[in-house]
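Colleague: my questions concern the predicted model and sequence given below.
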Amino acid sequence: MPSTRTKRSVAYARTASRQQADRGAIERQLRACRRAASERGLTLAQEFADDGASGLTLERAALRELLAYVAANPVDYVICSDAARLARDYQLFRSLMRQLRTCQARVIFADDVSRDATTVAQSRERS
């Protein structure tokens, strides 16, 4: 019998500078994540945001919190506005994808509904 458990998701937003966050970039990203969750019938359990944090490192407070949350709770999807919010470096991106897959979580990009983390990774490998 198929599972009737509601699919749970978390949202992640990031800006590289506090000025971007001050101009509402974090809220715009989270709004897009909320919309994507709603359109897919997902329950958005938690939101995480790093403002003024480089995408060239995984040493980000909210990202560490997100990874700990996903490891400790049933989460089906991590939603972010686009791949660059997760990582600006391909190897870091792959590392994050491995960590999330270990926890059985998939990634959805709210601003690009035609692509998910798998297709982004594949296109980056070909580049």
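Modeller: Noted; the coordinates are in hand.
Colleague: and the helices in the chain?
Modeller: Taking DSSP state H, the helices of the chain run over residues 18-22, 25-39, 61-72, 83-86, 90-102, 117-126.
Colleague: minimum distance to Ala110: which of those helices has it?
Modeller: Shortest distance between Ala110 and the helices of the chain, using CB to CB, is found for helix 25-39: 3.8 Å. All C-beta spots, glycine's among them, are computed from the backbone N, C-alpha and C.
Colleague: in a markdown table, list the helices of the chain along with distance to Ala11 and mean pLDDT.
Modeller: Output for the helices of the chain, formatted as a markdown table (distance: least, CB to CB, whole Å; pLDDT from 0 to 100):
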| stretch | distance to Ala11 | mean pLDDT |
| --- | --- | --- |
| helix 18-22 | 15 | 70 |
| helix 25-39 | 4 | 95 |
| helix 61-72 | 9 | 97 |
| helix 83-86 | 10 | 94 |
| helix 90-102 | 14 | 95 |
| helix 117-126 | 15 | 47 |
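Colleague: most tightly packed of those helices?
Modeller: Highest mean neighbour count of the helices of the chain: helix 83-86, a mean of 21 (counted as mean count of other CB atoms under 10 Å).
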